[in-house]
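Asks: requesting a structural model of the entry that follows:
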Amino acid sequence: MPTHESLTEDEYDERFVPIPVPEDDNSIWEYDQITGKQTEHVWSVVEYEDDLYAIPGWHVVNVIGYNLTQHPWPHTDIEVRFDNPHDDHVGDCSEGCEV
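Replies: Below you'll find the predicted structure:
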């Protein structure tokens, strides 16, 4: 049985290499854009307690979109926590914060 893996966004980007959406150069795909793709290359991007995570495979609960990667995931016991740009500024608005 595989050990649970928690990856940073940078580790995920380097190891699995997300494929950008051609029309707008981001990596969040809509379901209808990736139907028929190999499951091992699909990650569900989910929101949980104001954070975003990528988890392997097709999911529907709390999903905001999907990532498609160049390299397949080896097992389903992996999660990726995406960087939250607001985390760096919590409590530090001395130069003004944009929300």
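
Asks: what sits up against the worst-scoring helix or strand of the chain on mean pLDDT?
Replies: Ranked by mean pLDDT, DSSP states H and E, the weakest helix or strand in the chain is helix 31-34, scoring a mean of 93. Contact partners of helix 31-34, identified using C-beta atoms under 8 Å, 6 or more residues apart in numbering, comprise 21, 42, 66, 68. Yep, even glycine has a C-beta here, placed from its N, CA and C like the rest.

Asks: show me what counts as buried in stretch 22-40.
Replies: 27-29, 34 (16 or more other C-beta atoms under 10 Å).

Asks: run through this structure and note the low-pLDDT ranges.
Replies: 1-2, 85-99 (pLDDT under 70).

Asks: what about the helices in it?
Replies: Using DSSP state H, the helices of the chain run over 9-16, 31-34.

Asks: export these as CSV, with columns for distance to I55.
Replies: Below are the helices of the chain laid out as CSV (distance: least, C-beta to C-beta, whole Å):
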stretch, distance to I55
helix 9-16, 11
helix 31-34, 15
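
Asks: out of the ones you listed, which is closest to Y53?
Replies: helix 9-16 (10.1 Å; C-beta to C-beta).

Asks: any idea where the strands of the chain begin and end?
Replies: For the chain, the strands defined by DSSP state E cover 5-8, 42-48, 51-56, 63-68, 78-81.

Asks: JSON lines for those, including mean neighbour count and distance to V17?
Replies: Compiled in JSON lines, these are given as follows (neighbours: other C-beta atoms under 10 Å; distance: least, C-beta to C-beta, whole Å):
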{"stretch": "strand 5-8", "mean neighbour count": "13", "distance to V17": "13"}
{"stretch": "strand 42-48", "mean neighbour count": "19", "distance to V17": "12"}
{"stretch": "strand 51-56", "mean neighbour count": "19", "distance to V17": "13"}
{"stretch": "strand 63-68", "mean neighbour count": "18", "distance to V17": "10"}
{"stretch": "strand 78-81", "mean neighbour count": "19", "distance to V17": "13"}
